[in-house]
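Engineer: structure of the sequence below:
(2 chains)
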Amino acid sequence: MKITFKIPQGLLTDMHRDLSRPHEYAAERVGFIACGASAFGAGGLQFLGDSYHPVADRHYADDPRVGAMMNSDAIRSALEIAYNRNVAMFHVHRHEHYGKPGFSRVDRRESARFVPDFFKVRPSLPHGVLVLSHDSMAGLCWLARDKHPVEIQEFVVVGPQVPGLRAIA
Amino acid sequence: MNTRHSRQSFLGDNSVEVLTQSRVGIIGLCGGGSHVCQQLAHIGIGQFVAADFDHVEDLNLNRMVGSCPADAELHRPKNEVIKDLILRINPNATVEIAGRWQESGHLLRTCDIVIGCVDSFTARDELEKFCRRFLSPYIDIGMDVHQVSNGYGISGQVALSMPGGHCLWCHGILTEDRLAQEQQKYGAAGGKPQVIWPNGVLASIAVGHAVSLLLPWNTDLPLPSLIEYDGNRHITRPGARLQFLKDAPCPHYIGEGSVGDPFFSMAALTPSCPVVPDEQT
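Structural biologist: Residues are numbered from 1 along each chain as shown, chains lettered A, B, ... in the order given. Reported below is the predicted structural model:
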């Protein structure tokens, strides 16, 4: 199954702008993107970025062992979005470099703890995590609560002249 | 780069690959759409979704590129004629044809760009809504021949409707009045005047928009979302409305929850994905 993630250039810019803001004690920022979904081609799956939801300043835990640690209120707020709207939720953070980013072991371990919870409130849609770099991105997607995540193969940024990613690819 | 595309090498070292992998949907395959398909095939677009439910008639032969009297005599479907046209130019292209695009949403949603060459405002409205839902850039062309005091006036426009950008409503192409008038005339619109050269001008601009989205050949490409065409003076210019839209967001496609298939569920898909081990980086 080919999985594609499509996002408007403006929404991606908004995400980068938010993730660039300093926080009082967290070393980095995180957020969630709510997405529509659809079948795509022969057995494929497509996510369509709809809205970005920054994690509020007060929803970070003060944990110097990691770049950013969300508290339970952050997760609860994101779960509420998935509960109230027919959306797939993706956690977003950024690695401060250029080129294709990858998920660290900590990223994988921590996301496996909270992403499956989205299936409790929105079981009909997949959910996952994205990691951005300054000019690229990568993603993991849970197709079901009890399954291992799969990689998102293709990202499409829709906008005129997106340097580095291809305008439409 | 092969010899065939050497004169368009300024589009980039990887331009042939990008064009070959690109998928463009063309809705309406007569006056405007036939030009669009012909040009895209020459450029090297590799994948087409071409939709039109109509058949070729004598009255189409004055403007439908690729059609001939035999097509009209045989009453051939326009989409088949256009498929032949594309494959004659680019035998390696993949052309998927459809009748009513509304029944082929599964094909259209896979397109990188959709170009609408439709007659009615209702169809434009529906197409744009569809494209916004699937975050597809939508390029719309339209022309009109109308009677004026001293003869006839030819006018038209090309609109680029990007997700997050201004839409056909912002540009004044779609209005409640126009939709209402069209609905009142439904079934009795009669044949609208159409000629080949304005369609060619507008189709060329639409193709230029499409290529500049896929392969921007300049870092400062102007992509005005509305280009107006004065077919009597043979001039095009950025739409007059653009100055009033500057810095104002589109008020018509805002809000959350308007993208994707609202009826989609994972139950409809059969998962067969390779699983990534937990600790693989």
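Engineer: going forward, measure contacts and count neighbours with C-alpha atoms only.
Structural biologist: Noted.
Engineer: dump the residue contacts of residue B:128.
Structural biologist: Residues in contact with residue B:128 (Cα atoms under 8 Å, 6 or more residues apart in numbering or on different chains) are B:138, B:161, B:167-168.
Engineer: now tabulate those residues in JSON lines and tack on distance to chain A and neighbour count.
Structural biologist: Formatted as JSON lines, those follow (distance: Cα to the nearest Cα, whole Å; neighbours: other Cα atoms under 10 Å in any protein chain shown):
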{"residue": "B:138", "distance to chain A": "11", "neighbour count": "28"}
{"residue": "B:161", "distance to chain A": "11", "neighbour count": "24"}
{"residue": "B:167", "distance to chain A": "14", "neighbour count": "27"}
{"residue": "B:168", "distance to chain A": "17", "neighbour count": "23"}
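Engineer: ok, so of those, who is nearest residue B:262?
Structural biologist: Of all those, residue B:138 has the smallest distance to residue B:262: 20.4 Å, by Cα to Cα.
Engineer: so, low pLDDT: which residues of the chain?
Structural biologist: As the question left the chain open, I've gone with chain A. A:161-169 (pLDDT under 70).
Engineer: wrong one, I was asking about chain B
Structural biologist: For chain B (pLDDT under 70), the answer is B:186-190, B:270-281.
Engineer: show me what residue of it gets nearest to chain A.
Structural biologist: residue B:260 (4.2 Å; Cα to the nearest Cα).
Engineer: just want the residue of chain A that's nearest chain B.
Structural biologist: Chain B sits closest to residue A:36 of chain A, with a gap of 4.2 Å, by Cα to the nearest Cα.
Engineer: I figured that residue was touching residue A:86, is that so?
Structural biologist: Yes. Residue A:36 is within contact range of residue A:86, at 7.5 Å (criterion: Cα atoms under 8 Å).
Engineer: neighbour count: those two, which is higher?
Structural biologist: Per other Cα atoms under 10 Å in any protein chain shown, whichever of residue A:36 and residue A:86 has more neighbours is residue A:36, with 27 against 23.
Engineer: quick check: that one is in a strand.
Structural biologist: Yes. Assessed with DSSP: H, G, I helix; E, B strand; the rest coil, residue A:36 lies in a strand.
Engineer: tell me which strands and helices the one helix or strand residue B:142 maps to is in contact with?
Structural biologist: According to DSSP states H and E, residue B:142 maps onto strand B:138-148. Where contact means 3 or more Cα pairs under 8 Å, 6 or more residues apart in numbering or on different chains; DSSP states H and E, strand B:138-148 is packed against strand B:113-116, helix B:121-133, strand B:151-161, helix B:196-214.
Engineer: repeat that with 7 Å
Structural biologist: Contact partners of strand B:138-148 among helices and strands, from 3 or more Cα pairs under 7 Å, 6 or more residues apart in numbering or on different chains; DSSP states H and E: strand B:113-116, strand B:151-161.
Engineer: and the last one, what's buried?
Structural biologist: If you call a residue buried by 16 or more other Cα atoms under 10 Å in any protein chain shown, then strand B:151-161 has these buried ones: B:154-161.
Engineer: now tell me what touches the helix or strand following it from outside.
Structural biologist: Moving toward the C-terminus from strand B:151-161, the next helix or strand (DSSP H and E) is helix B:176-184. For helix B:176-184, contacts defined as Cα atoms under 7 Å, 6 or more residues apart in numbering or on different chains pick out B:121-122.
Engineer: the inter-axis angle of helix B:176-184 versus helix B:121-133?
Structural biologist: Interaxial angle, helix B:176-184 versus helix B:121-133 (axes from the mean of the first three to the mean of the last three Cα atoms, to 10 degrees): 120 degrees.
Engineer: what is the neighbour count of residue B:7?
Structural biologist: 10.
Engineer: name the element the closest residue in space to residue A:57 that isn't next to it in sequence belongs to?
Structural biologist: Using Cα to Cα, 6 or more residues apart in numbering or on different chains and skipping residues adjacent in sequence, the residue nearest residue A:57 is residue A:23, 7.1 Å away. Using DSSP H and E, residue A:23 is not contained in any helix or strand.
Engineer: how about residue B:85?
Structural biologist: Counting by DSSP H and E, residue B:85 is part of helix B:78-89.
Engineer: check whether stretch B:46-60 contacts chain A.
Structural biologist: No. Using Cα under 7 Å from any Cα of the partner chain, we find that stretch B:46-60 stays clear of chain A, coming within 12.4 Å at best.
Engineer: hang on, isn't residue B:112 packed against residue B:19?
Structural biologist: No. The pair residue B:112 / residue B:19 is not scored as a contact, 10.8 Å apart, by Cα atoms under 7 Å.
Engineer: the more surrounded of these two?
Structural biologist: Under the criterion of other Cα under 10 Å, the comparison of residue B:112 against residue B:19 puts residue B:112 first, with 23 against 20.
Engineer: show the contacting residues for the closest residue to residue B:143 other than its chain neighbours.
Structural biologist: Once flanking residues are discounted, residue B:143 sits nearest to residue B:156: 3.9 Å by Cα to Cα, 6+ apart. With contact set as Cα under 7 Å, 6+ apart, residue B:156 has these partners: B:142-144, B:228-230.
Engineer: and if we set it to 10 Å?
Structural biologist: By Cα atoms under 10 Å, 6 or more residues apart in numbering or on different chains, residue B:156 lies in contact with B:141-145, B:198-199, B:201-202, B:227-231, B:236.
Engineer: and those residues, which two are the farthest apart?
Structural biologist: Largest separation among the contacts of residue B:156 by Cα to Cα: B:145 and B:227, giving 17.2 Å.
Engineer: more neighbours: these two, which one.
Structural biologist: Taking neighbours as other Cα under 10 Å, residue B:145 and residue B:227 compare with residue B:227 leading, 23 against 16.
Engineer: what helix or strand is that one located in?
Structural biologist: strand B:226-230.
Engineer: hang on, the earlier thing: and the strand holding residue B:142, what's buried?
Structural biologist: By 16+ other Cα under 10 Å, the buried positions in strand B:138-148 come out as B:138-145.
Engineer: need the residues of the stretch 1-150 of chain B near chain A, please.
Structural biologist: Contact residues (Cα under 10 Å from any Cα of the partner chain) of the stretch 1-150 of chain B with chain A: B:18, B:21-22, B:106-113, B:133-137.
Engineer: again, only this time at 7 Å
Structural biologist: So the stretch 1-150 of chain B meets chain A at B:106, B:110, B:112, B:134 (Cα under 7 Å from any Cα).
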